[in-house]
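Asker: The sequence and its predicted three-dimensional model are supplied below.
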Amino acid sequence: MKSRKGNEEDLRILTRAVESAGEGFVTIDEDHRVVFFNRAAEKLFGYRREEVLGRDLNDILSPLVRGMSMGYLKFTPTEIQVANLVKHGRPTKEISDLMSLSSKTIEFHRDNIRKKLGIKNRKVNLRTYLLSLQ
């Protein structure tokens, strides 16, 4: 049987591995409260870790699921991710940093989102429009 110190070291190693993984990991307790939220989950859900730790997972997922209108079915996975971050008020520079993409690439995806939603060349704020889809 491992010592407590050995178990703690194993837990630290596992935490570092999950934190650096490219996949989003969210851990909840028995009351559905978020107890772990890695960097990839931040990118996936558009929330910062500090915003979700201790919150009920249903409160976090409900707005995302409600916002998944038919329009989202036309989006690529990257466009869905960008749209969710825009909807949460994140500026292009912050989105580019979170997703490890250039600002120009984010602008390209924002433009594609506007085209697919039929609001290209219209004076409509993208965030406001995305929020109206909820």
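Answerer: Yes, it's here.

Asker: tell me the strands in the chain, going along the chain?
Answerer: In the chain, the strands defined using DSSP state E lie at 26-28, 34-37.

Asker: got JSON lines for the ones you listed, with distance to residue 60 and mean pLDDT too?
Answerer: Backbone N, C-alpha and C define where each C-beta goes, glycine included. Shown next, in JSON lines, are those (distance: least, C-beta to C-beta, whole Å; pLDDT from 0 to 100):
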{"stretch": "strand 26-28", "distance to residue 60": "9", "mean pLDDT": "86"}
{"stretch": "strand 34-37", "distance to residue 60": "7", "mean pLDDT": "90"}
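
Asker: Deepest in the core, which of those strands is it.
Answerer: Mean neighbour count (mean count of other C-beta atoms under 10 Å) peaks for strand 34-37 among the strands of the chain, with a mean of 19.

Asker: Pull up the pairing partners for it, direction included.
Answerer: Note on strand 34-37: by DSSP bridges, its sheet partners are strand 26-28 (antiparallel).

Asker: In JSON lines, list the strands of the chain along with distance to residue 52.
Answerer: Formatted as JSON lines, those follow (distance: least, C-beta to C-beta, whole Å):
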{"stretch": "strand 26-28", "distance to residue 52": "8"}
{"stretch": "strand 34-37", "distance to residue 52": "5"}
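
Asker: just checking, what's the longest helix in the chain?
Answerer: As assigned by DSSP state H, the longest helix anywhere in the chain is helix 4-20.

Asker: Any buried residues in that one, and which?
Answerer: Using 16 or more other C-beta atoms under 10 Å as the test for burial, helix 4-20 gives residue 18.

Asker: Restricting to C-alpha, output that helix in PDB.
Answerer: In PDB, the C-alpha atoms belonging to helix 4-20 read as follows (Å, rounded to 0.1, in the frame of the first residue of the first chain):
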ATOM      1  CA  ARG A   4       0.100   9.200   1.900                       C
ATOM      2  CA  LYS A   5       3.000  11.100   0.500                       C
ATOM      3  CA  GLY A   6       3.100   8.800  -2.500                       C
ATOM      4  CA  ASN A   7      -0.600   9.200  -3.100                       C
ATOM      5  CA  GLU A   8      -0.300  13.000  -3.000                       C
ATOM      6  CA  GLU A   9       2.600  12.900  -5.500                       C
ATOM      7  CA  ASP A  10       0.500  10.700  -7.800                       C
ATOM      8  CA  LEU A  11      -2.400  13.200  -7.500                       C
ATOM      9  CA  ARG A  12       0.000  16.100  -8.400                       C
ATOM     10  CA  ILE A  13       1.300  14.200 -11.500                       C
ATOM     11  CA  LEU A  14      -2.300  13.300 -12.600                       C
ATOM     12  CA  THR A  15      -3.400  16.900 -12.100                       C
ATOM     13  CA  ARG A  16      -0.500  18.300 -14.100                       C
ATOM     14  CA  ALA A  17      -1.200  15.800 -16.900                       C
ATOM     15  CA  VAL A  18      -5.000  16.600 -17.000                       C
ATOM     16  CA  GLU A  19      -4.200  20.400 -16.800                       C
ATOM     17  CA  SER A  20      -1.900  20.200 -19.900                       C
END
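
Asker: Thanks a lot, catch you later.
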